[in-house]
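# Below is the structure, and that's it, no one-letter string:
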């Protein structure tokens, strides 16, 4: 038997142990102090004197008010620009063509996010210490009316985006992809955005069931001059739920598609390189639209159109890591989480992981906290970025 150690270089775990020593505890201490001030000191029998009488902040994970990661709820949205990241829910499922329920997605994600701490071991990131995060609640959508809801969504996202806060959107069905990108485009001036779209479905039909449904966002988003179709990258497409009308549009507009087989055969790094090259070709920033059904249906049963054969969670998270760390990301949405069909909150938990990992990669790449508003954000709103729809 050799006396040589099994690992010649530090393991990821050893590096993680060292990274933790470099993180401050300032945010945690502020939370404790505020909890004791607002929540009263604990009963005399409690030996841990950081615990208040009334639950305030992260602990215990089963208590408290449901905001994402128990971030502060921002009632006055005019103050959103004071934060690095703003979480916003879009409880809209009127664009669903099969199983509704994504209107409960934002609350489902918020509820299970209470399970998480703001610290990640491998990344060596503590979000509480390194960024300011708020939850602005939900956009007031109009049940059974996509177009009025789209107008509300675009206005809300435009407000957050133009403030300089990084928008993270909790869907909602995927029809919201068009109005969210429209909200971003209203404040891009003459700048351009590439879209990286994780999904099993192309979502490029002009209409479905005579309306702009969750199968249609990228037809309309890529009609805008700020979001060219040649910069639309679609990762994980495939299976028996890809409508031929949408395939025709992808072919005509030259979008960039990789199937799950493409990704696994070329390798995750080559797939990430492809996505970055296409999305960044002539653009100024990248918007990420993450449909939870890009993950294999065995891991995410709580969605409207589950499709077996999707990406494994680790594959999707690795692609996300490469893309977020190497592209100037201007926004993120996670859509199609449908809690009525979920099992043990596993789909909502996957969505939470996608969001938390993305924030960590934004920190590690130096994109957060923002030192100043990104130059691609144009102060004046252009309300005519899209074509009129009747």
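Alright, I've got the coordinates. Keep in mind that this is a model prediction, so the values were computed, not measured.
# Tell me where the stretch 1-150 of the chain has helices.
12-20, 26-39, 105-113, 127-130, 146-163 (DSSP state H, counting those that start in this stretch).
# quick one, which of those is nearest to residue 78?
helix 146-163 (8.6 Å; C-beta to C-beta). Where C-beta positions appear, they are placed from N, C-alpha and C, glycine not excepted.
# doesn't residue 159 make contact with residue 74?
No - the criterion here is C-beta atoms under 8 Å, and residue 74 misses it with residue 159 at 12.0 Å.
# overlap in contacts of the two?
residue 80 (C-beta atoms under 8 Å, 6 or more residues apart in numbering).
# ok so, going back, return the most buried member of the helices of the stretch 1-150 of the chain.
helix 105-113 (a mean of 24; mean count of other C-beta atoms under 10 Å).
# would you turn the helices of the stretch 1-150 of the chain into JSON lines with mean pLDDT?
Shown next, in JSON lines, are the helices of the stretch 1-150 of the chain (pLDDT from 0 to 100):
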{"stretch": "helix 12-20", "mean pLDDT": "95"}
{"stretch": "helix 26-39", "mean pLDDT": "94"}
{"stretch": "helix 105-113", "mean pLDDT": "98"}
{"stretch": "helix 127-130", "mean pLDDT": "97"}
{"stretch": "helix 146-163", "mean pLDDT": "97"}
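# Output the ones you listed in a markdown table, with distance to residue 78 appended to each entry.
Shown next, in a markdown table, are the helices of the stretch 1-150 of the chain (distance: least, C-beta to C-beta, whole Å):
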| stretch | distance to residue 78 |
| --- | --- |
| helix 12-20 | 37 |
| helix 26-39 | 23 |
| helix 105-113 | 21 |
| helix 127-130 | 24 |
| helix 146-163 | 9 |
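# among the ones you listed, which is nearest residue 302?
Here helix 105-113 is closest among those (C-beta to C-beta), at 7.6 Å.
# what packs against the closest one?
strand 85-90, strand 166-171, helix 346-364 (3 or more C-beta pairs under 8 Å, 6 or more residues apart in numbering; DSSP states H and E).
# Give the buried residues for the longest one.
What that stands for is helix 346-364. Going by neighbour count (16 or more other C-beta atoms under 10 Å), the buried part of helix 346-364 is 347-364.
# Same check on stretch 238-252?
238-239, 242, 245-246, 249-250.
# Give me the contact list for it.
Counting by C-beta under 8 Å, 6+ apart, 200-206, 208, 215, 219, 234, 257, 259-261, 305, 307-310 sit against stretch 238-252.
# Wait, residue 315 touches residue 258, no?
No - using C-beta under 8 Å, residue 315 makes no contact with residue 258, being 11.7 Å away.
# Pull out the buried members of the contacts of stretch 238-252.
Buried among these by 16+ other C-beta under 10 Å: 200-205, 208, 215, 219, 234, 257, 259-260, 305, 307, 310.
# Out of those, flag the one nearest to residue 35.
Using C-beta to C-beta, residue 310 comes nearest to residue 35 of the buried ones among the contacts of stretch 238-252, at 41.2 Å.
# Touching, that closest one and residue 292? I think so.
No - using C-beta under 8 Å, residue 310 is not in contact with residue 292, being 9.7 Å away.
# Need the overlap of contacts for residue 315 and residue 258.
With C-beta under 8 Å, 6+ apart as the test, residue 315 and residue 258 reach no residue in common.
# which residues of this structure fall in strands?
For the chain, the strands defined by DSSP state E cover 85-90, 119-120, 125-126, 133-138, 166-171, 193-198, 232-237, 256-259, 285-291, 329-335.
# Residues touching the last one, excluding its own?
What it means is strand 329-335. 90, 102, 105, 109, 157, 161, 166-174, 176-177, 180, 184, 193, 214, 285-292, 323, 351, 354-355, 358, 362, 367, 374, 376.
# Filter those residues down to the buried ones, PyMOL style.
Listed next is the PyMOL selection for buried residues among the contacts of strand 329-335, using 16+ other C-beta under 10 Å:
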select buried, resi 90+102+105+109+157+161+166+167+168+169+170+171+172+173+174+176+177+180+184+193+214+285+286+287+288+289+290+291+292+323+351+354+355+358+362+367+374+376
